[in-house]
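Engineer: Sharing a sequence plus its predicted fold:
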Amino acid sequence: MKHEIVQSDITVVGGGLAGVCAAVAAARLGQTVSLVQNRPVLGGNASSEVRVWVCGATSHGVHRNARETGIMGELFVENQYRNIDGNPYIWDLIVLEKVKAEKNITLFLNTDVHEVHADGDETNRTIRSVTGWMMGSERRIRFDSRVYLDCTGDGLVGFLAGAKYRIGREAQEEFNEEWAPLVADDITLGSTLLFYTKDAGRPVKYIAPSFAKDITQTTIPMKRVIRSGDNGCSYWWIEWGGEHDVVHENERIRDELSSVIYGIWDYIKNSGKFESENLTLEWIGSIPGKREYRRFVGDYVLNQNDIIAQEQFEDRVAFGGWSIDLHPPQGMYATAKGSKHMHMDGNYHIPFRSLYSVNVTNMLMAGRNISASHVAFGTTRVMATCAVIGEAAGTGAALCAAKGVSPRELHSSHLSELQQTLLRQDAAVLGLKNADAADLVLRAEMTASSTLTRLALEQSASLLPLIAHVALLVPADPFIDGIELLLDASEATELTVELWSTGKPQNYVPHTQVTSIQVAVAEGSQQWVKASLSWHPETAQNAFIILRSNPALSVHLSARPQTGVLSFKHDAASKDAVDFGDMHHHQPVIDWSAKAFIRKPICFRLLAPTSAFAADKAADGYKRPYGGPHLWSSAGLEVSQPEWLEASWPEAVRIRTVHLTFNDDVNEDLINLHHHRTEFEIIPELVKDYKLQAFIGGDWTTVAEGLDNHTRRHVHLLPEAVTTDRLRVVVEATNGTERAEIVEIRCYS
């Protein structure tokens, strides 16, 4: 047996997406990181070993402008570029490559941590080391660090260190949670095995193993959706173990799940109820994908009320948006539907106090084991949310290690620095503005070659009968002073048009009605109809304009999207999703769906110019849509006349590093595997070719450039610092759109 000691600033235990993002975040901030994973691949439940979709704040397209940025965003965009068809093995490689690109990370695969050395009393403990066994290599490795991150999911490191934790469901009275049980219990969400099938092109027989479950003797065929052509993740409901100990009875749970899968396949192949003659069972998971086990107690326990109210925590460091998604304890054998969902009106915030232990002084946690009630965990548990939590925790760990402080001390004395670091790194945080005193652009004047001020989509590509209410969301920046709509009318009629505010800046639902008018519409086709809506809000924000249903009318749809503009259709009757579970009552984001209008919004013209895309929007402090698009957009883009965005200073400044953030349309719902397929490999709004130029000696000098770009964020460390009073980004081509769009530019000396 080989004994080793590995020293690093930070040890991250757990190589799921939370652990990966935590390790990468800390490493990018200059800290040495040991990333320890007990499996041969990274990615956890997202890996090729388990093959669960990476879901997050978009909630499969329910929430708008909600796709994660930061490290998780990089993984989504890169996977789309290299793996558009969702091969799980290519996804493994993309995650692995993200880790291997960081020289400060040392990766230890197949290493199972099972010993923790910690000291102190139960209220104030400190981890001194963790020890793991590297399978297949006969290496016993001790990891010594200043800071530890438990990203294990099951919470083994914290448990062995004596961290306070919970398992199961809190009583309703503890947090006054509507969906909590009256009496606390130890019930959790269960585990799942998935399977893949393929068409062999010829008849394939299937003889079920002796241990296959006869599902006709269960409630499964009556209560669950079984189809022969579904992809693996459509069988998320093959779940069991919530009434058992999902860790200590893991093998029993796996055997039960596999017996049901073989029984389901027997039912599909041999019952005669499905067209499955040529189908064969290609792959079945051998590792249960766990949903829930220990949840550590932090300085704050996130609860259902925080989620639904979208509580704007002062120490917010990440966001989520998946519904509160809870499953019946009996799992696949339950007579109730496989899940129930409560959506918030928009994305919610996650506080830093929920990411560190209340009693282990040098431990942070990320993933499904953060400090949250069982009900709140129902949303924070999904992997893209775990990933952005991981980036926040890893960033916090890096600052703790660098400063020699505990996470609690970081929160009390360095919270602003933590949040500003997250913003600088493009992490998924909502509603925080850049206040980095070192960013030279914050005191620059912004100008541009041109700016989009006339907001309109005038070319019709299709027609939509107005048999249900539809809506159009546009920026009211600084005001709305009338809108024209392209309509067909089968007879003379009236259209009711309402203007609503959206409430919170991250929400895309009608919240408070501002005004309403009736507009006369003459019989005829393709007529521009004016609605004299007027709104001068105190601060720039989005306007939600509702067109009430009228069977005599049809609206025209555009063939191209427009940044900052969304369209919606109202369908309040759609409360239950057969494949997805029960929906809670009164959920505006479900009632108002944008899925029918993906990249084809309603045709319109705003009658007043907009300031939503002015040059200074690229330096207004926001890095993603929040009450408006928050980016600069040119009026157009011509090859003969490239567009540019310029920062200028009254006196020369010294610039060594430039950060550029391009628009990758966070409204586009990307996925890593097979839930849906986005047809383009590169987000069309992304800048493709650009030059970074400084005005030196009376001439524009190119100091950096990018060609064939397909990603959002770029940091240019110039070979030599330049001294200039003017710096500009020249956009020569995009990946498909007709305008240059830049979210943010930063400069550092």
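Structural biologist: Now that the structure is in, tell me what you want to look at.
Engineer: May I ask which helix or strand of this structure has the lowest mean pLDDT?
Structural biologist: Within the chain, confidence by mean pLDDT, DSSP states H and E is lowest for strand 576-577 among all helices and strands, at a mean of 44.
Engineer: So in that sheet, which strands flank whichever helix or strand comes after that strand, and in what orientation?
Structural biologist: Next helix or strand after strand 576-577 toward the C-terminus (DSSP states H and E): strand 581-583. The pairing partners recorded for strand 581-583 under DSSP bridges are strand 340-342 (parallel), strand 576-577 (antiparallel).
Engineer: avg pLDDT for stretch 665-685?
Structural biologist: Across stretch 665-685, pLDDT averages out at 95.
Engineer: Using CSV, write down the CA coordinates of that stretch.
Structural biologist: Provided in CSV are the C-alpha atoms of stretch 665-685 (Å, rounded to 0.1, in the frame of the first residue of the first chain):
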residue,chain,number,x,y,z
ASP,A,665,-28.9,34.8,-25.7
VAL,A,666,-29.6,33.4,-22.2
ASN,A,667,-33.2,33.0,-23.3
GLU,A,668,-32.2,30.0,-25.5
ASP,A,669,-32.8,26.9,-23.4
LEU,A,670,-29.8,24.6,-24.0
ILE,A,671,-29.5,21.0,-22.8
ASN,A,672,-26.7,18.6,-22.5
LEU,A,673,-28.5,15.3,-23.5
HIS,A,674,-31.8,14.5,-25.2
HIS,A,675,-34.7,16.5,-23.8
HIS,A,676,-34.8,18.7,-26.9
ARG,A,677,-32.6,19.6,-29.8
THR,A,678,-31.5,23.2,-30.5
GLU,A,679,-30.9,23.3,-34.2
PHE,A,680,-27.8,25.7,-34.3
GLU,A,681,-24.4,24.8,-33.0
ILE,A,682,-23.5,28.4,-32.2
ILE,A,683,-25.8,31.0,-30.7
PRO,A,684,-26.5,33.3,-33.6
GLU,A,685,-26.3,36.5,-31.5
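Engineer: Domains in the protein, by residue range?
Structural biologist: The record's domain split for the chain, according to automatic domain parsing, is 2-68+97-170+295-424, 191-290, 440-450+613-748, 456-606.
Engineer: ok, and which of these has the densest surroundings?
Structural biologist: Most buried of those, by mean neighbour count (mean count of other C-beta atoms under 10 Å): domain 2-68+97-170+295-424, with a mean of 23. Heads up, the C-betas are built off the backbone N, CA and C, glycines and all.
Engineer: start to end distance for that one?
Structural biologist: This stretch, domain 2-68+97-170+295-424, spans 42 Å end to end (C-alpha to C-alpha, to the nearest Å).
Engineer: now swap in stretch 495-512 and tell me
Structural biologist: OK, stretch 495-512 end separation, C-alpha to C-alpha: 20 Å.
Engineer: where does the stretch 501-650 of the chain have low pLDDT?
Structural biologist: For the stretch 501-650 of the chain, the stretches flagged by pLDDT under 70 are 573-580.
Engineer: what's stretch 324-331 in contact with?
Structural biologist: If you take C-beta atoms under 8 Å, 6 or more residues apart in numbering as the criterion, stretch 324-331 is touched by 179, 187, 189-190, 237, 239-243, 291, 304, 307-308, 334, 336-344, 375-376, 378-379, 382, 581.
Engineer: Confirm for me that residue 221 is in contact with residue 215.
Structural biologist: Yes - taking C-beta atoms under 8 Å as the definition, residue 221 is a contact partner of residue 215 at 6.0 Å.
Engineer: returning to that earlier point: could you point out which of the domains of the chain sits nearest residue 86?
Structural biologist: domain 440-450+613-748 (4.3 Å; C-beta to C-beta).
Engineer: Show me how far the closest one is from its chain's centre.
Structural biologist: Centroid displacement of domain 440-450+613-748 relative to its chain, using C-alpha atoms, centre = their mean, to the nearest Å, is 23 Å.
Engineer: what's the answer for stretch 243-256, then?
Structural biologist: 30 Å.
Engineer: Okay, now that stretch: how far is its last residue from its first?
Structural biologist: Distance across stretch 243-256, first residue to last, is 13 Å (C-alpha to C-alpha).
Engineer: average model confidence for that stretch?
Structural biologist: Throughout stretch 243-256, pLDDT has a mean value of 97.
Engineer: Can you list the strands that the longest strand seen in the chain pairs with?
Structural biologist: Scanning the chain for the strand with the most residues, using DSSP state E, yields strand 713-734. Its sheet considered, strand 713-734 pairs with strand 643-662 (antiparallel), strand 687-696 (antiparallel) by DSSP bridges.
Engineer: I'd like the average pLDDT over the helix or strand following it.
Structural biologist: Remark: after strand 713-734, the chain's next helix or strand is strand 741-748, criterion DSSP H and E. The pLDDT scores in strand 741-748 average 98.
Engineer: go on, stretch 422-441?
Structural biologist: Mean per-residue pLDDT for stretch 422-441: 97.
Engineer: Kindly report the same for stretch 298-312.
Structural biologist: Average pLDDT, stretch 298-312: 98.
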